[in-house]
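Asks: Got a sequence here, can you model it:
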Amino acid sequence: ARVLDDDATQWRYDVALDLTGLSQLLEYEPDDFTVTAECGVRIQDLAARLAAHGQELPLEAAEHWGATLGGVLAANASGPRRRRFGAPRDRVLGAQFVTGDGIIARTGGRVVKNVAGHAVHRLLVGSRGTLGVILEASLKLLPLPLSRRALVHGLNGAELTDAKRWNGLARLEPSMFTVLGRAVAALNPVLASDAAFCAVVAFEDEAPWVEACSTSVRERLGVPRLAVADASVSALTQMLTDTEEMPGPRLTFTTASNSPECLAPLVSHPVAERLVFHAPAGRLHLFPAASEAIALIRLLESNGFALIEAHG
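Replies: All right, here's what the predicted structure looks like:
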């Protein structure tokens, strides 16, 4: 468990388990779009190996320079692309793990056709080590998209909660559609502005479809403050993922709504400056003062949200 000390300036661990010595790529079949790797491998290093073959493992984690495959699986961590490409639990085919009494076990398979039996590997993903320590995992891959584009818009509260603006946007299946409060956006110079909210909409697909979707967003929201393509979209994706791990208290909610108008109860609240909403997945992260937390939980639960995590 990771908690803040009383002075709120340093992190401490109750227990830290380091598996970075287990960092081998065990089996990679580009034609089958599967990979098996030890869980100490860094996500960043694994991504580079796969990209050389025009493939990717769409796992996202804050601070990817240090995030490992095992850590991402144990936390079922994901970012703004969760709805389009799935969470880690959706990609895992099998795993080898160690139980609390030291027994090494295997579950699932290394390719799709060999997966059989009870899906214990899916139970392990998101268990944060409470069911076992994952040693290696087999996962499904995807081809790298032919084209990527992201548009960044500044919005005020009335624009954000205007349902007409967002009508039909979900049907375009954006890979990202994230709303940031002003204080969160200000953490990165690329996104910082005077607008109350920052909306990032991205598409990944064949070039003609990406162009058509980008045109549709411009018709709804006007000329973007910033437009980026290809590798710059990947960097922007990482920025948005990193915003989920700001220090201090954090509340994470889920909602069936995938449109920003569901944020209306928060627009006039001080915490609106410190929110991250991944609209397609209905995943809202708030960073309140500790004294605000209980009232915010009650407010949002009365407006269709459910609390799924609380930190700090």
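
Asks: For this structure, list the residue farthest from the centre, please.
Replies: residue 101 (32.5 Å; Cα atoms, centre = their mean).

Asks: Check that residue and give its pLDDT.
Replies: pLDDT recorded at residue 101 is 88.

Asks: same thing with residue 115?
Replies: According to the prediction, residue 115 has pLDDT 55.

Asks: same deal with the one 5 residues further on?
Replies: Taken from the predicted model, the pLDDT recorded for residue 120 is 86.

Asks: Now do the residue nearest to it when sequence neighbours are not counted against residue 149, distance only.
Replies: Distance criterion Cβ to Cβ, 6 or more residues apart in numbering; nearest residue to residue 120, sequence neighbours excluded, is residue 107 at 3.9 Å. C-beta coordinates here come from the backbone N, C-alpha and C atoms, glycine included. Distance of residue 107 to residue 149, computed by Cβ to Cβ, to the nearest Å: 39 Å.

Asks: Residue 262 now?
Replies: 26 Å.

Asks: Pass me the low-pLDDT residue ranges in the stretch 101-250 of the chain, would you?
Replies: For the stretch 101-250 of the chain, applying pLDDT under 70 flags the ranges 112-117.

Asks: Show me the helices in it, by range?
Replies: 120-124, 157-160, 163-166, 182-185, 207-221, 231-242 (DSSP state H, counting those that start in this stretch).

Asks: Report all helices and strands that the fourth one contacts.
Replies: Helices and strands in packing contact with helix 182-185 are listed as strand 197-205; criterion 3 or more Cβ pairs under 8 Å, 6 or more residues apart in numbering; DSSP states H and E.

Asks: CA-only coordinates of the strand it packs on in CSV, if you can.
Replies: Extracted in CSV, the C-alpha atoms of strand 197-205 (Å, rounded to 0.1, in the frame of the first residue of the first chain):
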residue,chain,number,x,y,z
PHE,A,197,-11.7,23.0,-19.3
CYS,A,198,-9.6,21.3,-21.9
ALA,A,199,-11.1,18.7,-24.2
VAL,A,200,-8.8,16.2,-26.1
VAL,A,201,-10.4,14.2,-28.9
ALA,A,202,-8.2,11.7,-30.8
PHE,A,203,-8.8,9.1,-33.6
GLU,A,204,-6.7,6.2,-34.7
ASP,A,205,-7.6,4.3,-37.9
